[in-house]
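Asker: Provided below are the primary sequence and the corresponding predicted coordinates.
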Amino acid sequence: MVRAPCCEKKGLKKGSWTPEEDLILINHVKTHGHKNWRALPKLAGLLRCGKSCRLRWINYLKPGIKRGNFTREEENMIIQLHETLGNRWSAIAARLPGRTDNEIKNVWNTHLKKRLPQQDQKRNSKQKQPSSSDVSTLTTAESLDEFWSQVLSLDDLSDDTTTFPATATAEGIRSTSSSVYHNVDYWYDVYMGAQELS
């Protein structure tokens, strides 16, 4: 299912907003509210996209938005909240009244991230997924041969054809038959047991 486009792009203005457009948007939202952003531009007489109107209102025109540089306290709070919340900008903005999530994200990426000590940056780089060259040697042919030789060298296997659960012990394996290794149910139980352990 494809999401419908926000508007027809033909004949709409793009780029910076003029003061006249800002006034039209402010007056319309004050008198009629902003229940439907898709319909708002047409109702207000703006040649803009509904998404553009919504972003202009939320990030620039909404009453109560603080303008200007962030204080040292706000910056410290953003750093602390980022440690606990990560890149959840709207959750961070909810704890900083008057600041928008977009503004906080921009301040983080342009100024605050650079202030972090080198240790934090190194720690963040170490959290990346290991590359294929870092994978342990358990997947080498030699290790696999060793594994299978241990499994197949189990002695005293009887002709019992019952299967055993994935949590079976080595003694339990020795007491079952070799035909159990060809049983699909056995391998399914082993797989499901491994999934439960991880």
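Answerer: Done, it's in.

Asker: continuing past the helix or strand of the chain with the lowest mean pLDDT, what's the next helix or strand?
Answerer: None of the helices or strands of the chain scores lower by mean pLDDT, DSSP states H and E than helix 170-174, at a mean of 49. Downstream of helix 170-174, the first helix or strand assigned by DSSP states H and E is helix 184-197.

Asker: in that next one, what's buried?
Answerer: By 16 or more other C-beta atoms under 10 Å, the buried positions in helix 184-197 come out as Y186, D189, V190. C-beta: built from backbone N, CA, C; applies to glycine.

Asker: and these, which is closest to L112?
Answerer: Out of these, the one with the shortest distance to L112 is V190. That distance is 49.3 Å, counting by C-beta to C-beta.

Asker: looking at the buried residues of helix 184-197, which gets the smallest pLDDT?
Answerer: Ranked by pLDDT, those bottom out at Y186, which scores 73.

Asker: relative to M192, how far out is that one?
Answerer: 11 Å (C-beta to C-beta, to the nearest Å).

Asker: please apply the same query to L40.
Answerer: From L40 over to M192 (counting by C-beta to C-beta), the distance is 54 Å.

Asker: and what of I79?
Answerer: Distance from I79 to M192, counting by C-beta to C-beta: 44 Å.

Asker: now swap in L47 and tell me
Answerer: Distance check for L47 against M192: by C-beta to C-beta, it reads 60 Å.

Asker: quick one on the thing from earlier: need the buried residues of helix 184-197 in a markdown table (columns: distance to E21).
Answerer: Formatted as a markdown table, the entries for those read as follows, by distance: C-beta to C-beta, whole Å:
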| residue | distance to E21 |
| --- | --- |
| Y186 | 71 |
| D189 | 67 |
| V190 | 66 |
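
Asker: what does stretch 87-102 contact?
Answerer: The set of residues external to stretch 87-102 that reach it, using C-beta atoms under 8 Å, 6 or more residues apart in numbering, is 58-59, 64-66, 70, 74, 77-78, 81-82, 85, 103-105, 108.

Asker: what about 10 Å?
Answerer: 55, 58-60, 62, 64-67, 70, 73-74, 77-78, 80-82, 84-86, 103-109 (C-beta atoms under 10 Å, 6 or more residues apart in numbering).

Asker: export only the CA atoms of stretch 65-80, formatted as CSV.
Answerer: The C-alpha atoms that make up stretch 65-80 are tabulated as CSV, following Å, rounded to 0.1, in the frame of the first residue of the first chain:
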residue,chain,number,x,y,z
ILE,A,65,8.4,29.1,20.7
LYS,A,66,11.6,30.4,22.1
ARG,A,67,14.0,32.1,19.7
GLY,A,68,17.7,32.7,20.0
ASN,A,69,20.6,30.8,21.3
PHE,A,70,20.3,27.9,23.7
THR,A,71,21.4,28.6,27.3
ARG,A,72,24.2,26.6,28.9
GLU,A,73,21.5,24.9,31.1
GLU,A,74,19.5,23.9,28.0
GLU,A,75,22.6,22.5,26.3
ASN,A,76,23.5,20.5,29.4
MET,A,77,20.0,19.2,29.6
ILE,A,78,20.0,18.1,26.0
ILE,A,79,23.3,16.2,26.5
GLN,A,80,21.9,14.4,29.6
